[in-house]
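Engineer: Provided below for reference: sequence and predicted model.
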Amino acid sequence: MALAVTVVLAVLAGVARYAGGISDQIAFALATLALAALAWVVSFATEQASYRFGPSVTGVLHSTLGNLPEFFVVLFALDAGQVVVARTAILGSILVNALLVLGLVIIAGAHQTKDGIMRFNPRLPNDTATLLLTASFIIVLAGLASSSHDAASHHLTTISVIGAVAVLTVYVTWLMQYLRSPQAPQEDSGPQRLPPSLSVTLLLVAATASAFVSDWFVHALEPTITTLMISQAFAGLVIVAIAGNAVENIAGVVLAFKGQADLAISVVKNSVAQIAAFLYPALVLVSLLTSTTLTFTLAPVYIGALFGTAVIVWQITGDGEATVFEGTALVAAFVILATVAWFEP
C-alpha cells in the first residue's frame, strides 16, 4: 500500500512539473509529499538491505546511489560553464550532511536510548574525519595560493589534478579496507521482510526516483527564491543542498529514530566521505573534458567552514558516543553557516 501511494505521488509530482497550467504551490506540495514518501521507502529498503550486507556495505551502497545523480548534475553545470553552481552544490552537500543531518541523526538516536547517549562504532566517524581533513588540506593550500597570488596560484589546475589523484588514492585505499572489515551484527529492529535482491532493487529504484523528484522540488522552489531575493550562496549552500539531499537525509534520521545507530551513522558519514574524498576529486579530473575546469579553489569563508566542520565532526563523533547536546551543537554550527551564507552574494 505504501509503495503504491509513493508511486502515485511521484507520478503526480512529475505531471505537475511538466504539465502546463498547474500552480507552483500545487507543484511544490506534490513534490514535498513525494519526497516524504520516497524517504520512507529508501529508509525501509536500506534497513532491509543491511540484514544481508551489514551497516558498512549498505552505507556505501546507499551513499553511492544517493550521490550518483549529483555527480551528473555538477558535470552538466560544468559543461554549461556554471562553475559557481558546481562548487556550491558540492560544498553544500558536504556541509549539510556533516552538520545539519548528522546533528539531527544524533538528536534522534540519543532520544531513543535510556541514558540519552547514542552509541556507534567509532571507526567510521574517525575515518570520515581523516578523509575530510585530507580533502580540506588541498583545498586550504589552493585557497591560500589563490588569495596570496603567489607563484603556485598560476598552476592551480595542475595542483588540483595532482591533488585529486592523491585524494582519490586515499579514498580507494580506505574503501577497500573498510568493506573488508568485520561486519557488526544487525541491530534488532524487527524481522527481515524482503529478500536481499529485492531490497537492493527497491533501494536503487527509490534512489533514482528521488533524484528526479528532488529536481522537481528545487524547480518548484525557484519562484520563491526569486521573489524573496535570496542570494545564490544561500540558495545553493542551504536550500538546494537540503532539498537535493532530502531523501537520503531523512532516511538517516528515520533509521536513528528506529534505534539503528550504526546504520544511520554509516549512511550519513559515508555520504560525507564520498562527496569530499571521491565525488569532488573525480569531478576535478572529469572536468578536464568539459568546457569549464573545476579546481579546489574556494572562497576563504567556505575554506574556513569546511575545515571547521571537519574538526567539530571529529571532536563530537570520534569517541563513538554522542548526546543531544552534541547533536544540537552540530545543528547550531549549520545555522551559523547559513546566516553567513545569507549575506554572501
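Structural biologist: Sure thing, it's come through. Everything numeric here is computed off the predicted structure, so don't read it as measured data.

Engineer: use CA for all of it now, contacts and neighbours both
Structural biologist: Fine.

Engineer: I'd like to know how far the closest residue to residue 333 other than its chain neighbours sits from residue 242.
Structural biologist: Excluding its sequence neighbours, the residue lying closest to residue 333 (Cα to Cα, 6 or more residues apart in numbering) is residue 99, at 6.8 Å. According to Cα to Cα, to the nearest Å, residue 99 stands 11 Å off from residue 242.

Engineer: who's more crowded, those two?
Structural biologist: Neighbour totals were compared for residue 99 and residue 242, and residue 99 leads with 25 against 22 (other Cα atoms under 10 Å).

Engineer: Read off the pLDDT value for the more buried one.
Structural biologist: Per-residue pLDDT puts residue 99 at 95.

Engineer: for it, what are its contacts?
Structural biologist: Each residue near residue 99 by Cα atoms under 8 Å, 6 or more residues apart in numbering is listed here: 309, 313, 330, 331, 333, 334.

Engineer: The first one against residue 98, yeah?
Structural biologist: Yes - contact between residue 309 and residue 98 holds when scored by Cα atoms under 8 Å: they sit 7.1 Å apart.

Engineer: Between these two, which is the more surrounded one?
Structural biologist: Comparing residue 309 with residue 98 by other Cα under 10 Å, the one with more neighbours is residue 98, at 26 against 23.

Engineer: Contact partners for that one?
Structural biologist: The neighbours of residue 98, taking Cα under 8 Å, 6+ apart as the test, are 268, 269, 272, 309, 313.

Engineer: can you tell me which helix or strand the closest residue to residue 63 other than its chain neighbours belongs to?
Structural biologist: Nearest residue to residue 63, sequence neighbours excluded (Cα to Cα, 6+ apart): residue 271, at 4.8 Å. Assessed by DSSP states H and E, residue 271 sits inside helix 261-274.

Engineer: after that helix comes which helix or strand?
Structural biologist: helix 280-286.

Engineer: and residue 322, that's in a strand?
Structural biologist: Yes - counting by DSSP: H, G, I helix; E, B strand; the rest coil, residue 322 is found in a strand.

Engineer: what's the burial count for it?
Structural biologist: Around residue 322 there are 21 residues (other Cα under 10 Å).

Engineer: Who are the contact partners of it?
Structural biologist: 106, 110, 117, 118, 119, 316.

Engineer: I figured the first one hits residue 325, correct?
Structural biologist: No - taking contacts as Cα under 8 Å, residue 106 lies outside contact range of residue 325: 9.2 Å.

Engineer: For the two, indicate the residue with more neighbours.
Structural biologist: Counting neighbours by other Cα under 10 Å for residue 106 and for residue 325 shows that residue 106 has the greater number, 31 against 15.

Engineer: How much space separates the more buried one from residue 118?
Structural biologist: Distance from residue 106 to residue 118, counting by Cα to Cα: 7 Å.

Engineer: Overlap in contacts, those two.
Structural biologist: Residues touching both residue 106 and residue 118 by Cα under 8 Å, 6+ apart: 322, 323.

Engineer: Send me stretch 112-124 as PDB with only the CA atoms.
Structural biologist: Taking Å, rounded to 0.1, in the frame of the first residue of the first chain, the C-alpha atoms of stretch 112-124 are listed here in PDB:
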ATOM      1  CA  GLN A 112      15.900   6.500  21.800                       C
ATOM      2  CA  THR A 113      18.300   5.400  24.500                       C
ATOM      3  CA  LYS A 114      17.600   5.200  28.200                       C
ATOM      4  CA  ASP A 115      20.700   7.200  29.200                       C
ATOM      5  CA  GLY A 116      20.400   9.700  26.400                       C
ATOM      6  CA  ILE A 117      23.700   8.600  24.700                       C
ATOM      7  CA  MET A 118      23.800   7.400  21.100                       C
ATOM      8  CA  ARG A 119      26.500   4.700  20.700                       C
ATOM      9  CA  PHE A 120      28.000   3.600  17.500                       C
ATOM     10  CA  ASN A 121      31.200   2.100  16.100                       C
ATOM     11  CA  PRO A 122      33.800   4.900  16.200                       C
ATOM     12  CA  ARG A 123      35.900   3.700  13.300                       C
ATOM     13  CA  LEU A 124      33.800   5.200  10.500                       C
END
